[in-house]
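[1] Build me a model:
(chains A, B, C and D)
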Protein chains: 2
Amino acid sequence: MLVRAIHEAALAELVDVGLGQLGMEGIARRASTAKTVLYRRWASTHELVLDALAQAHPVEVPTPAANDLRADLVAALVLLTDWMRTPAAAAVSAILAERERHPGLVEALYRRVFDPRGATFTTTVLRHYADNGRVDARRLTPITTQIGEALVFKLAIDLGRTPNAEEVAAIVDEALLPALGI
Amino acid sequence: MLVRAIHEAALAELVDVGLGQLGMEGIARRASTAKTVLYRRWASTHELVLDALAQAHPVEVPTPAANDLRADLVAALVLLTDWMRTPAAAAVSAILAERERHPGLVEALYRRVFDPRGATFTTTVLRHYADNGRVDARRLTPITTQIGEALVFKLAIDLGRTPNAEEVAAIVDEALLPALGI
DNA sequence: GTGATAAGATACGGCATCGTTTCTTGAAGG
DNA sequence: CCTTCAAGAAACGATGCCGTATCTTATCAC
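    Next up is the predicted model:
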């Protein structure tokens, strides 16, 4: 489908040249179409990108097994790293990087893409175990629920690549579980 | 001094328009000088920005008191949040955001600005206490030494502002100290 | 006072993108 | 077969940045 090709081209172009250099001309080139076609449908590159992200494959949701906290946490964070390797994630990070310069775009991104998709990765797991009494609910603070994601992001920045399964396991063992009192 | 004004203008312009839109023309406008002056000294906007960052005020170094681990960790992270509020930090984040698109620039940034400045914030403190035997040295892994910084960055992203002293203290109490076995 | 140097202003041709307009091509539906 | 509508191609004037060249002005050293 034409629209699908344009969506993919928009995200790929965004990742390649960055939000600051993103233009209809470049997207049209990459999609092998004419920019007339783009202007007929979208008023700006920002709207086009938001549309592309809204149509992108949704993120998988962790399904806790309820009897192995450590494995469920690792699985949730591996889901996160898997998503981080998708083109959509690269596009999202290119947008979030420019939060200061385009606050409206970031806000629209949350409203149209993220908010309709519930909670974050480890939070889903942690709430599940807290409901079962296997984790002290008082330990679930705005800090502790972010440890896993925070370290995944930090390692991704420092290493220049997304953490692998062993590194994710180390995050769970060395940082997350201790903070839960385990 | 003229060069100083140009350096400040370069960083301010970078933060305002982003690395993708950064141009000599804009920097010259902001510094109230002529393009000619810039081209006489610097070959590209990237070199100019690197120069500006190398000249920027260096980051303060934590000085552990050696008898209060918690207070020293909080102080180290507060130093980090203080630095994050400087124009230089905003410029650095604008550059790191485009790591994928300008790897050479990021590499030069590390080589010319960061590497000459030793270790990170909490690491300095943690190594100090490990040397004194007050912290189990085996607990100092590539993961645990990054917990503080990782959560400061994550909170900064999620909140859209740099964490305050109470939030930093919560990071230390709820995540960092437990991971150290305390 | 004179000479040297850099700041600063202006203009240049070249080029790319902007958003729009016009026209051609092509495929589907009746 | 023929009509219709969107895709696609090409060109438009406008704008702005590129990097350079030219010329004037201001500030020093001597």
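
[2] from chain A, which residue is nearest to chain B?
    For chain A, the residue closest to chain B is residue A:20, as judged by C-beta to the nearest C-beta, at 2.4 Å. Where you see a C-beta, it was placed from the backbone N, CA and C, and this is true even at glycine.

[3] pretty sure that residue is touching residue B:23, no?
    No - taking C-beta atoms under 8 Å as the definition, residue A:20 is not a contact partner of residue B:23, at 10.8 Å.

[4] who has more neighbours, these two?
    residue A:20 (20 against 13; other C-beta atoms under 10 Å in any protein chain shown).

[5] how far away is the more buried one from residue A:98?
    Between residue A:20 and residue A:98 the computed distance is 7 Å (C-beta to C-beta, to the nearest Å).

[6] hey, what's in contact with both of those two?
    residue B:18 (C-beta atoms under 8 Å, 6 or more residues apart in numbering or on different chains).

[7] pretty sure residue A:74 contacts residue A:168?
    Yes - using C-beta under 8 Å, residue A:74 is in contact with residue A:168, at 5.7 Å.

[8] coming back round to it: any idea how far the residue of chain A closest to chain B lies from DNA strand D?
    Residue A:20 sits 12 Å away from DNA strand D, going by C-beta to the nearest atom of the strand, to the nearest Å.

[9] For that residue, which non-adjacent residue is spatially closest?
    Leaving aside its sequence neighbours, residue A:20 sits nearest to residue B:20 (C-beta to C-beta, 6 or more residues apart in numbering or on different chains; 2.4 Å).

[10] Return the per-residue confidence for the one you found.
    Residue B:20 carries a pLDDT score of 91 in this model.

[11] Residue A:97: how many residues sit nearby?
    Using other C-beta under 10 Å, residue A:97 is surrounded by 23 other residues.

[12] wait, what's in contact with the closest residue to it other than its chain neighbours?
    Among residues not flanking residue A:97 along the chain, residue B:97 sits closest, at 3.2 Å (C-beta to C-beta, 6+ apart). Listed by C-beta under 8 Å, 6+ apart, the contact partners of residue B:97 are A:94, A:97-98, B:19.

[13] One more: residue A:65?
    A:71-72.

[14] helix or strand for it, which one?
    Using DSSP states H and E, residue A:65 maps to neither a helix nor a strand.

[15] In contact with the spatially closest residue to residue A:80 that is not a sequence neighbour, which residues?
    Leaving aside its chain neighbours, residue A:80 sits nearest to residue A:121 (4.8 Å; criterion: C-beta to C-beta, 6+ apart). With contact set as C-beta under 8 Å, 6+ apart, residue A:121 has these partners: A:62, A:76-77, A:79-80, A:148-149.

[16] List buried residues within these.
    Listed as buried from the contacts of residue A:121 are A:62, A:76-77, A:79-80, A:148-149; burial here means 16 or more other C-beta atoms under 10 Å in any protein chain shown.

[17] picking that back up, which one of the contacts of residue B:97 sits closest to residue A:138?
    Each of the contacts of residue B:97 was scored against residue A:138 by C-beta to C-beta, and residue A:97 proved nearest at 35.2 Å.

[18] quick one: residue A:1 and DNA strand C, what's the gap?
    From residue A:1 across to DNA strand C, the span is 13 Å (C-beta to the nearest atom of the strand).

[19] For that residue, grab the count of nearby residues.
    Residue A:1 has 6 neighbours, counted by other C-beta under 10 Å.
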